[in-house]
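# following is a predicted model, sequence given first.
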Amino acid sequence: MLKAGGVGVMPTDTLYGLLASAFNERAINRIYELKGRTVDKKSIILISSIGDLKAFNIAPTEEQQNILARLWPGPVSIILHRDLAFRIPDDKQLISFLKESGPCIAPSANPEGLAPAETVEEAKKYFGDNVDFYIDGGKRVGLASTLIKLDEHGNITVLRQGSTQVV
């Protein structure tokens, strides 16, 4: 469904997310409309492996690769290039899903300014029939991922402190 341009709500390794293919502009725009989010606020892209970065024309330096290997999989989203943030989730089922679907944008499942949905029922109250599918993964309570910027020399700047202390 995601490959065909669908949008869904499902659990990630941190929170429930609104997922769409990272390569389908129409689906991405739909998520921004559902969230009431401005397009200048980028969404995190979930990937299944470091190799997925090639699809975005990103080739991590050796220094970056060493840090990525230490932080991934896990709840750390990393900006490597062009303000695109990536994360390999620490969830084997989700990684299998991403291998099949391809990279997905995955902002939290909530309209801008409201608390992230902790259950599918809460997500349905937010989005109703405006999404194509819901996957119930039980209650998800936690912090969003930590967001860092990683330059080509391996220098880390923490942009948002989440569930993981990086530096």
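Yep, that arrived.

# what distance do you get for D132 to L18?
Using C-beta to C-beta, to the nearest Å, we find D132 at a distance of 11 Å from L18. C-betas here are computed from N, CA, C, even on glycine.

# out of these two, which sits in the more crowded spot?
More neighbours surround L18 than the other of D132 and L18, with 27 against 16 (other C-beta atoms under 10 Å).

# sec struct for the more buried one, please.
strand (DSSP: H, G, I helix; E, B strand; the rest coil).

# check the one 5 residues further on too.
Following three-state DSSP, the label given to F23 is coil.

# do you know the pLDDT at it?
Turning to F23, the model gives it a pLDDT of 96.

# what is in contact with D132 and L18 at once?
Residues touching both D132 and L18 (C-beta atoms under 8 Å, 6 or more residues apart in numbering) are 7-8.

# quick one: A106 and K42 touch, right?
No. Assessed by C-beta atoms under 8 Å, A106 is found out of contact with K42, at 11.8 Å.

# more neighbours: which of the two?
Taking other C-beta under 10 Å, A106 and K42 do not tie; A106 has more neighbours (27 against 15).

# now the protein, which segments are flagged as low pLDDT?
Applying pLDDT under 70 to the chain picks out residues 163, 165-167.

# that one: strands as residue ranges?
8-11, 16-21, 44-46, 76-81, 84-87, 104-105, 133-134, 146-150, 156-160 (DSSP state E).
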